[in-house]
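Participant: Predicted model and sequence below, questions to follow.
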Amino acid sequence: MKKKQLANLEPIIRTFEGNNPITNKELYLTDEELVERFRGKVTKRTLANWRSNGEGPRPTKIGGRVLYKIVEVVEWEKQRTVQA
């Protein structure tokens, strides 16, 4: 996903973070988009390891593809946020 596309998602993500979805559609990220969201600090292989170990954001399998609900990713990120 390109930076412009990610920037377009930010208002939607903020809406979901506030538990006030603006649409009935679920938004999903692929492995590649999630790696990009984490700025390459997490690899596709790490995501696969997390899935097999029950770690990381909870995946959803649709049509044979592994996807991540953006709301699940945001919630997982919040749980991992460290207080300074």
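Facilitator: Nice, thanks for sending it over.
Participant: Every contact and neighbour count from this point should use C-alpha atoms.
Facilitator: Will do.
Participant: the strands in the chain, which residues?
Facilitator: 28-29, 59-62, 65-69 (DSSP state E).
Participant: mind checking which of these is nearest residue 37?
Facilitator: Across the strands of the chain, residue 37 has its closest neighbour in strand 28-29 (9.3 Å, Cα to Cα).
Participant: Direction included, what does that closest one pair against?
Facilitator: Sheet pairing for strand 28-29, assigned by DSSP bridges, gives strand 65-69 (antiparallel).
Participant: Now do the strand it pairs with, average pLDDT.
Facilitator: Throughout strand 65-69, pLDDT has a mean value of 94.
Participant: can you list contacts of that strand?
Facilitator: With Cα atoms under 8 Å, 6 or more residues apart in numbering as the test, strand 65-69 has contacts from 26, 27, 28, 29, 30, 31, 57, 58, 59, 60, 61.
Participant: buried residues in it?
Facilitator: 67, 68, 69 (16 or more other Cα atoms under 10 Å).
Participant: Using JSON lines, lay out the strands of the chain together with distance to residue 84.
Facilitator: Below are the strands of the chain laid out as JSON lines (distance: least, Cα to Cα, whole Å):
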{"stretch": "strand 28-29", "distance to residue 84": "29"}
{"stretch": "strand 59-62", "distance to residue 84": "29"}
{"stretch": "strand 65-69", "distance to residue 84": "28"}
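Participant: List just the one of the ones you listed that sits closest to residue 45.
Facilitator: strand 65-69 (13.0 Å).
Participant: Is it possible to get TSV of the buried residues of strand 65-69 that adds distance to residue 35?
Facilitator: As requested, those are arranged in TSV below (distance: Cα to Cα, whole Å):
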residue	distance to residue 35
67	12
68	11
69	14
